[in-house]
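Chemist: below are the sequence and a predicted model for it; my questions follow.
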Amino acid sequence: MTKKMDNTTRYERARERYMNGDLDRRSFLGLIGAAGLAYGVSTPFAKYAHAATTDQVRFDGWGGVVSEAFRKHAFDPYTGKTGIKVVDGTFGGGDEYLSRVKASQPGEYNIAHLSGVFDYARYHALGLSSELNEANIPNLEYVIPKLVDVFRGVSGGKLSCVPYDYGTTGLAYNRKYISDDEMQEKGAKILIDEAHKGKIAGWSDWRTRMWYAALQTGQNPNEISDEDAAWDAVRTHRDLSLKYWGSGAELMSLLAEEEIYATEAWSGRIYALQEQGHDIGYMDPPNGFGWQECLFVMKGSPMEACEELLNFMLAPETSIAVAEGQNYPTALDPTKVDLGDKIPTLPAFDPTGTLSGLTFADPDFWNGHEAAWSKTFGRVQKGY
Amino acid sequence: MSVEKREARQPWILLSPALTAVTLLLFVPLLFILVYSFWLRTATGADVAGFYLDNWQEALTDPFYRDILISTLRIAAITTVACAVMGYPSAYFIARSQGNKAVLLLLLMLPFWISYIIRTMSWINILGVSGALNSALMALGIISEPIQMLYNEVTVILGLVHFLLPFMILNIFVSLDGIDTNLENAANSLGATKWQAFLQVTLPLSLPGLAAGGLLCFVLGAGTYITPLVLGGPRDAMFANLVFEAIITQLNWPLGSALSLMLLAVLGALVMIYNRYLGMAQLMKGLG
């Protein structure tokens, strides 16, 4: 019977030759060293380059209450049911995550909780999109059709993601210092109001800054024509601001600690603050920044395992539990699925399932200005 | 092989692990960054390989980068001076303490056990509107309204001093600890006062440690980006923040590479100038 030629057999044969004197000590140790080096160099990196084996899927999201909700209501039950482990990481924004993905090996990152159709379009343009087999995701039928169609439009009818939730970046204000009436009267201009100098903040995201600059200068955010006026508004806001915040946790801390009284803010985070008992008001001004988030599957990922996870996450009981945990309305159509008691009370929730009251960013317009405006904002925020 | 040849090879064999690590982990990545700096970024964020001087031209001629670089060097210099002024007495106290030196050194090392980011963020709880200092001042009736102390250049420098002070103290301590205390006694016996003995004997002999600490604080301070991000206001960015923005926010790796090499070159040049003109021998001669 022929013995299987594996690494153990190779070692045993080399050792036998050495013991018999057919191989000198230096050559024997050299062979062992070379084998160890080859194993050491190949195995760890091969492991990371192909981390997404079918027993493991990597998921990256926004951290904080959002990630906690995913872990508790989706990943742990999914692992319990399928045995597939979900490794979850976090990021501070789509730009930062894209940079990480760009530096990675195909398959290293699998599913991302991306924000906005413009991010989907960017990732697709960079060749990072996959092609989902929708037959493996039957729960996709419960999703609001408008949310699905907009993604299909970007990627030629196919999908590389499933819509998961939506929300707004509206105005948050401390009711102790700013009344509801004042907010109704001033709207987005509260962020460039001299009366609150040093108690204003904003997200260090060029899109949000320009979106609100458009509102402050009376322009349609998806058709900004007077760029100079918009940049002047961004500068005015900068000069009145205490700080640009860079994460949801920092946003919540600045408001809760009363370092600031007004900022634009993510609806779910403000709801979380309100749940904690802070008297923070929230309003969406006309043409406020609406967005939808999706679960994007990267090219090179184990598709069947990812599709199974997406289907599990879109199951009404999972999706509703996650939405209640992260405080953003689920992408499930309220005309098809009973969403329970809490979700209809969340900011930005649309009971009709048409989302006609929300203004979303036009991906062509915003991605067309991405290179120039992100660079300009980098300068403007530093005093230029 | 002759004994001489074998002996000549031995240092290289001993050095080879370190040389391999430095080559693979420092020089090869630097080479990648250098190559990247000549590429271009397209509107979609993809890179175009080639030999283009656009990034270098922008980095070297745009006053925006020059101004931020000067501001960064200024903040690093202020931080270094503050560390030296605060660090020297502490190091002197530790070096001259009897019996409890090990405990004091352990206390000095304690902050290293806590993450730099956590240490930086701790200032928010101290200096914030609802922080410990404002609460204490209001409780004592010294102020009626909280004072806005955070998110400006002063808090950035404070955060940097907090981060870098142990490096300065350790360097000065090592230098002071190696000085024979009999030298001060000899100076005293020859008529020098304690202050004169310190100025003319101890200080000059401890300058190598002060210089090493200063250099370390300056280079680390000039290269930081966490501190201005956490404790700075909208205008308090440092040069490393520009590199971060170019690479992460704008996805412009070629420009980010050029900027990072520019910072490296400036700091490298400063170190070389320092060694050439402010070497310890020169300094000690000047004080002598």
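Modeler: Everything's here; your move.
Chemist: all contacts plus neighbour counts: C-alpha atoms, from now on.
Modeler: Fine.
Chemist: phi first, then psi, for the residue in the stretch 151-300 of chain A positioned nearest to chain B.
Modeler: Nearest to chain B in the stretch 151-300 of chain A, going by C-alpha to the nearest C-alpha, is residue A:243, at a distance of 5.0 Å. Dihedral pair for residue A:243: phi -170, psi 150, per degrees, to the nearest 10.
Chemist: before we move on, what about residue A:358?
Modeler: The phi/psi pair for residue A:358 (degrees, to the nearest 10) is phi -110, psi 140.
Chemist: same check on residue A:129?
Modeler: phi -80, psi 150.
Chemist: and the pLDDT at it?
Modeler: For residue A:129, the model assigns a pLDDT of 95.
Chemist: ok, back up a step: can you get me a residue count around the residue of the stretch 151-300 of chain A closest to chain B?
Modeler: 29 (other C-alpha atoms under 10 Å in any protein chain shown).
Chemist: buried ones in the helix or strand hosting residue B:268?
Modeler: Here residue B:268, judged by DSSP states H and E, is contained in helix B:253-277. By neighbour count, and taking 16 or more other C-alpha atoms under 10 Å in any protein chain shown as the criterion, the buried residues in helix B:253-277 are B:253-263, B:267, B:271.
Chemist: and the contacts of that helix?
Modeler: Residues outside helix B:253-277 that contact it (C-alpha atoms under 8 Å, 6 or more residues apart in numbering or on different chains) are B:33-34, B:36-41, B:47, B:55-56, B:59, B:69, B:215, B:219, B:223, B:239-240, B:242-247.
Chemist: if we look at chain A, which of these are close to it?
Modeler: B:242, B:245, B:247 (C-alpha under 8 Å from any C-alpha of the partner chain).
Chemist: so the residue of the stretch 151-300 of chain A closest to chain B sits against residue A:202, correct?
Modeler: Yes - assessed by C-alpha atoms under 8 Å, residue A:243 is found in contact with residue A:202 at 7.0 Å.
Chemist: who's the closest spatial neighbour of the residue of the stretch 151-288 of chain B found nearest chain A, skipping the chain neighbours?
Modeler: Proximity of the stretch 151-288 of chain B to chain A (C-alpha to the nearest C-alpha) peaks at residue B:235, 4.3 Å away. Sequence neighbours aside, residue A:382 is the residue nearest to residue B:235 in space, at 4.3 Å (criterion: C-alpha to C-alpha, 6 or more residues apart in numbering or on different chains).
Chemist: repeat for residue B:212
Modeler: Using C-alpha to C-alpha, 6+ apart, the closest residue to residue B:212 is residue B:171 (6.6 Å).
Chemist: report pLDDT for the nearest residue in space to residue A:63 that is not next to it in sequence.
Modeler: Setting aside the residues directly before and after it, residue A:63 is nearest to residue A:90 in space (C-alpha to C-alpha, 6+ apart), at 5.1 Å. The score at residue A:90 is 90. That number is its pLDDT.
Chemist: cool, residue A:37 as well?
Modeler: 47.
Chemist: what's the answer for residue B:197, then?
Modeler: 94.
Chemist: strands along the stretch 101-250 of chain A, start to end?
Modeler: A:111-115, A:161-174, A:200-203, A:241-245 (DSSP state E, counting those that start in this stretch).
Chemist: which residues touch the third one?
Modeler: So the one you mean is strand A:200-203. Under C-alpha under 8 Å, 6+ apart, the answer for strand A:200-203 is A:191, A:209, A:240-247, A:260-265.
Chemist: for the first one, same thing?
Modeler: Residues external to strand A:111-115 that are found in contact with it (C-alpha under 8 Å, 6+ apart): A:57-62, A:94, A:120, A:291-298, A:306.
Chemist: residue A:352 looks like it's in a strand, true?
Modeler: No - per DSSP: H, G, I helix; E, B strand; the rest coil, residue A:352 lies outside any strand segment and is coil.
Chemist: contacting residues for it?
Modeler: A:334-335 are the contacts of residue A:352 under C-alpha under 8 Å, 6+ apart.
Chemist: got phi/psi on it?
Modeler: Taking degrees, to the nearest 10 as the convention, residue A:352 sits at phi -80, psi -20.
Chemist: now the one 5 residues further on
Modeler: As for residue A:357, its main-chain torsions (degrees, to the nearest 10) stand at phi -80, psi -10.
Chemist: give me the pLDDT value at it.
Modeler: At residue A:357, pLDDT is 85.
Chemist: how close does it get to residue B:257?
Modeler: 44 Å (C-alpha to C-alpha, to the nearest Å).
Chemist: cool, and residue B:36?
Modeler: 6 Å.
Chemist: same check on residue A:246?
Modeler: For residue A:246, the distance to residue B:257 - C-alpha to C-alpha - is 23 Å.
Chemist: looking at pLDDT only, which of the buried residues of helix B:253-277 scores worst?
Modeler: Among the buried residues of helix B:253-277, residue B:271 has the lowest pLDDT, at 84.
Chemist: all helices of the stretch 101-250 of chain B, in order?
Modeler: Remark: helices assigned in the stretch 101-250 of chain B by DSSP state H, counting those that start in this stretch are B:101-109, B:116-127, B:132-139, B:153-177, B:181-189, B:194-197, B:203-222, B:226-231, B:239-244.
Chemist: does residue B:163 really touch residue B:116, like I thought?
Modeler: Yes - shown here, residue B:163 and residue B:116 form a contact pair, counting by C-alpha under 8 Å, at 7.0 Å.
Chemist: quick one: which of the two has more around it?
Modeler: For residue B:163 and residue B:116, the more surrounded residue by other C-alpha under 10 Å is residue B:163, and the numbers stand at 21 against 16.
Chemist: quick one: contacts for the more buried one?
Modeler: With C-alpha under 8 Å, 6+ apart, residue B:163 has these contacts: B:116, B:119-120.
Chemist: give me the number of residues near the spatially closest residue to residue B:101 that is not a sequence neighbour?
Modeler: Nearest residue to residue B:101, sequence neighbours excluded (C-alpha to C-alpha, 6+ apart): residue B:94, at 5.9 Å. The tally of other residues near residue B:94 (other C-alpha under 10 Å) stands at 22.
Chemist: quick one: name the residues of the stretch 151-300 of chain A near chain B.
Modeler: A:238, A:241-244, A:257-259.
Chemist: could you identify which of these has the most neighbours?
Modeler: Result: residue A:243 is most packed of those (other C-alpha under 10 Å), 29 neighbours.
Chemist: what about residue B:175, distance to residue A:212?
Modeler: 56 Å.
Chemist: swap that for residue A:297, please
Modeler: Residue A:297 is 31 Å from residue A:212, by C-alpha to C-alpha.
Chemist: so stretch A:96-106, near chain B or not?
Modeler: Yes - with C-alpha under 8 Å from any C-alpha as the measure, stretch A:96-106 is seen reaching chain B through A:96, A:98-99.
Chemist: what sits against residue A:215?
Modeler: By C-alpha under 8 Å, 6+ apart, residue A:215 lies in contact with A:188-189, A:221, A:287.
Chemist: could these be laid out in a markdown table, adding pLDDT?
Modeler: A markdown table is the format used below for these (pLDDT from 0 to 100):
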| residue | pLDDT |
| --- | --- |
| A:188 | 97 |
| A:189 | 97 |
| A:221 | 97 |
| A:287 | 92 |
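Chemist: in chain B, which helix is the longest?
Modeler: Looking across chain B with DSSP state H, the single longest helix is helix B:63-96.
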